[in-house]
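S.K.: Build the 3D model from these lines:
(2 chains)
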Amino acid sequence: MDKFTTHTGVAAPLRRSNVDTDQIIPAVYLKRVTRTGFEDGLFAAWRGDPSFVLNQEAYRDATVLIAGPDFGTGSSREHAVWALQNYGFKVVISSRFGDIFRGNSGKAGLLAAQVDEKLVQRLWTYVEDNPGASVTVDLESRTVKAGEGVDAIEDSFTIDDYTRWRLLEGLDDIAITLSHGDDIDAYESRRPAFKPATL
Amino acid sequence: MGKTLAEKIWDDHVVRTAAGEPDLLFIDLHLIHEVTSPQAFDGLRLSGRPVRRPDLTLATEDHNIPTTDLDKPIADPVSRTQVETLRRNAEEFGVRLHPMGDIDQGIVHVVGPQLGLTQPGMTIVCGDSHTSTHGAFGSIAFGIGTSEVEHVLATQSLSQARPKMMAVEVDGALPEGSTAKDLILALITQETTGGGQGYIVEYRGEAIRALSMEERMTICNMSIEWGAKAGLIAPDETTYDYIQGRPHAPQGAAWDEAVAYWSSLTTDDDAEFDKVVRIDASQVTPFVTWGTNPGQGVPLSATVPHPSDFEDENERAAAENALTYMGLEAGTPMRDIAVDTVFVGSCTNGRISDLRRAAELIKGHKVADGTRMLVVPGSVRVRLQAQEEGLDVVFKEAGAEWRGAGCSMCLGMNPDQLTPGERSASTSNRNFEGRQGKGGRTHLVSPDVAVATAVLGHLASPADLQPVPANA
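M.R.: Next up, the predicted model:
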């Protein structure tokens, strides 16, 4: 996984709440056996609508998505994270994320930045008033910044310490766990024999 | 201070704990299916890692599986590739697989309990959010993403921050004519789709104790629909009776040892939950959804709500979007909503007791003209059991389609899909936009409401059906 420190990019406003992972990528697009190529399924039901935010010239190359509350609820499909990444997104900002989506983002290297709902509203207004404007998301200082001068926006976002550390270092989760192989061995040796086995 | 049921199970699975890090939990059972595993196996191959515990891993094919033409290869080449990829991976890594055509094939959350692999006090994960189903046995069970699937394959463990604990106190008893599905749909509407976020929830109380194992699975299945990490129910005699004698149930002395441990799996009287919510089961009536998330529900006897009924701005906007998508007008009685397709099945309501109930209700009736009804058993064994009891004949005589086992129209990954604008009453778990097919409109219902709806052609409950003459 690549290290993530800070990112500045065009931000797209997605003025919807409860964008579940079926909306992010419908099931019919989940049939690939790779981690790439899912961008064609991203928001598939909405992409046909010319007025959809990602179909507007100013937001077409967005890398930061600003979404309403409860983004990424529902299905556990990590394909939702891959679809966003394959399209080019590096960061999703929302006031509340589905648990599994947030976990998947942290594993795959997409930054899920949780902010106060009022900040989402301010950012929406800012990027709609300034189509194509950039937003900076700094993982080191856990801040979101946009605009300049008196109207500049700067506020903090929430991410758990452990995920932040892993993203900053670009660490492979499995390698970290395998370094604790002795602990797993020890646990296995004291596990009750009545527990079921499949083989 | 005492511990909650979930805290006991959690603590019994901690492999490693360190300040500032999530706990490393041992995973007792890892269930796998074709959609969320290929990239995980690829990751193992790339890094030269084996599956650490194939003996704690079980794979089945369910999401893509067609429910017709079962003797032919899968027609969709992309679906076929995904299924064939799972077969190759299972063989290469030594994982037990129940493929199409095998008697133990079926929806992963139906197969685990059926085999007796799902037992109290376990940690169970699967790359599928409805893994919460297994919590019905008093286990911590939750859905994970593909990166985590790879992590569990490689290490049989998972790093997890300890969630908060919530109790759902279900007071009173469910009235005659109300089901476990109505109860959980009513709870999700009460608590909203984000209400359980960050919590493991324990369903407790008289009404829960009175439920059968399969009804408890319906409740726990939908824990994720209100955002909970997992949902569970303390094991009791109902649980033990369900497990005993199944292929993977402990035998002899091991059974006694297991039951002794399972009996300790209750929340201590002096344990404290971070949050307690209550619902009065005695007030629950047949409940259906009108919108595009499982928290947008009303009693069947109610009308489609008006967006202005919602104080929260986001909820109001969501209601407006949902009404447009669903093609509904505020104020319409739910019973006036005509339905094109009725789907009985899924990991929520595709078990033998669901099919028995549906068959009992539809016997002597006919599916309404202009409405189709699909009955999709949750597993091959459920299908065979139903056929042994003649349920398939009852469904077919009523004009319903009797299908093969799989996830089917719950998510429309196989050919069982709604067409744009087509409206369904579905015993599944999600009414998201396009969930059952692009442009499809889904109302979540219980098997009871599904059957009555199929017969009358509009949303209805069994109380609306004319009695069948005794000689029919």
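
S.K.: buried residues in the lengthiest helix in chain B?
M.R.: Scanning chain B for the longest helix, with DSSP state H as the assignment, gives helix B:77-93. Buried residues in helix B:77-93, counting neighbours by 16 or more other Cβ atoms under 10 Å in any protein chain shown, are found at B:Ser79, B:Thr81, B:Gln82, B:Val83, B:Glu84, B:Thr85, B:Leu86, B:Asn89, B:Ala90, B:Phe93. For glycine as for every other residue, the C-beta is placed from the backbone atoms N, C-alpha and C.

S.K.: And for stretch B:156-174?
M.R.: So for stretch B:156-174, counting by 16+ other Cβ under 10 Å, buried means B:156-160, B:162-163, B:165-170, B:174.

S.K.: Chain A: which of these is nearest?
M.R.: Nearest to chain A among those is B:Ser157, at 5.8 Å by Cβ to the nearest Cβ.

S.K.: For that closest one, which residues count as its bridge partners?
M.R.: Note on B:Ser157: beta-bridge partners B:Phe26, judged by DSSP bridges.

S.K.: pretty sure it is in contact with B:Leu24, am I right?
M.R.: Yes: contact criterion Cβ atoms under 8 Å: B:Ser157 and B:Leu24 qualify, at 5.2 Å.

S.K.: who touches both of those two?
M.R.: A:Thr177, A:Ile184, B:Val15 (Cβ atoms under 8 Å, 6 or more residues apart in numbering or on different chains).

S.K.: gap between the last one and B:Lys3?
M.R.: The one in question is B:Val15. Distance, B:Val15 to B:Lys3, by Cβ to Cβ, to the nearest Å: 19 Å.

S.K.: okay, these two: which has more neighbours?
M.R.: Applying other Cβ atoms under 10 Å in any protein chain shown to B:Val15 and B:Lys3 shows that B:Val15 carries more neighbours, namely 23 against 17.

S.K.: so when I look at that one, I'm seeing a strand, right?
M.R.: Yes: with DSSP: H, G, I helix; E, B strand; the rest coil as the criterion, B:Val15 is located in a strand.

S.K.: Would you mind confirming that it is in contact with A:Asp182?
M.R.: No: using Cβ under 8 Å, B:Val15 makes no contact with A:Asp182, being 10.0 Å away.

S.K.: now the longest helix along chain A, how far from the chain's geometric center?
M.R.: Identified as the longest helix of chain A according to DSSP H is helix A:117-129. Taking Cα atoms, centre = their mean, to the nearest Å, one finds the center of helix A:117-129 at 18 Å from the center of the full chain.

S.K.: Likewise for stretch B:440-460?
M.R.: Chain-centre distance of stretch B:440-460: 18 Å, with Cα atoms, centre = their mean.

S.K.: Likewise for stretch B:453-472?
M.R.: What separates the centre of stretch B:453-472 from the centre of its chain is 26 Å, taken as Cα atoms, centre = their mean.

S.K.: and that stretch, what's its mean pLDDT?
M.R.: On average, the pLDDT along stretch B:453-472 is 90.

S.K.: So which bits of it are buried?
M.R.: Residues of stretch B:453-472 classed as buried by neighbour count (16+ other Cβ under 10 Å): B:Thr453, B:Ala454, B:Val455, B:Leu456, B:Gly457, B:His458, B:Leu459, B:Ala460, B:Ser461, B:Pro462, B:Asp464, B:Leu465.

S.K.: what residues does it touch?
M.R.: Here stretch B:453-472 makes contact (Cβ under 8 Å, 6+ apart) with B:177, B:286, B:288, B:300, B:334-339, B:342, B:361-371, B:373, B:398, B:400, B:425, B:443, B:445, B:448-449, B:451-452.

S.K.: Is there a quick ChimeraX command that grabs whichever of the residues you listed are buried?
M.R.: Buried residues within the contacts of stretch B:453-472, by 16+ other Cβ under 10 Å, are selected in ChimeraX with:
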select /B:286,288,300,334,335,337,339,342,361,362,363,364,365,367,368,371,373,398,400,425,443,445,448,449,451,452
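
S.K.: The contacts of stretch B:453-472 in strands, which ones?
M.R.: If you go by DSSP state E, the contacts of stretch B:453-472 have B:Val288, B:Val342, B:Met373, B:Ala425, B:His443 in strands.

S.K.: The third one reaches B:Ala400, doesn't it?
M.R.: Yes: B:Met373 is within contact range of B:Ala400, at 3.9 Å (criterion: Cβ under 8 Å).

S.K.: Identify the contacts common to these two.
M.R.: The contact sets of B:Met373 and B:Ala400 overlap at B:Val342, B:Val344, B:Val367, B:Ala454 (Cβ under 8 Å, 6+ apart).

S.K.: residues touching the closest residue to B:Ser282 other than its chain neighbours, list them.
M.R.: Closest residue to B:Ser282 apart from its sequence neighbours, by Cβ to Cβ, 6 or more residues apart in numbering or on different chains: B:Gly172 at 3.4 Å. Listed by Cβ under 8 Å, 6+ apart, the contact partners of B:Gly172 are B:Glu206, B:Ala207, B:Asp280, B:Ala281, B:Ser282, B:Gln283.

S.K.: Kindly provide the distance from the fifth one to B:Val168.
M.R.: Computed with Cβ to Cβ, the distance linking B:Ser282 and B:Val168 is 15 Å.

S.K.: now do the fourth one
M.R.: For B:Ala281, the distance to B:Val168 (Cβ to Cβ) stands at 11 Å.

S.K.: burial of residue 116, as a residue count?
M.R.: Chain wasn't specified; assuming chain A. For A:Asp116, the number of neighbouring residues by other Cβ under 10 Å comes to 13.

S.K.: my bad, chain B
M.R.: 17.

S.K.: Model confidence for the nearest residue to it once chain neighbours are set aside, exactly?
M.R.: Distance criterion Cβ to Cβ, 6+ apart; nearest residue to B:Gly116, sequence neighbours excluded, is B:Arg246 at 2.7 Å. Note on B:Arg246: pLDDT of 98.

S.K.: To what extent is B:Arg246 buried, counted in neighbours?
M.R.: 15.

S.K.: Tell me the residues on the stretch 251-400 of chain B that lie near chain A, please.
M.R.: Residues of the stretch 251-400 of chain B lying near chain A by Cβ under 8 Å from any Cβ of the partner chain: B:Ala254, B:Trp255, B:Glu257, B:Ala258, B:Tyr261, B:Thr292, B:Asn293, B:Asn314, B:Glu315, B:Ala317, B:Ala318, B:Asn321.

S.K.: Next one: the top strand by length along chain B, is it in contact with chain A?
M.R.: Criterion DSSP E: the longest strand present in chain B is strand B:164-171. No: Strand B:164-171 does not reach chain A (Cβ under 8 Å from any Cβ); its nearest approach is 11.6 Å.
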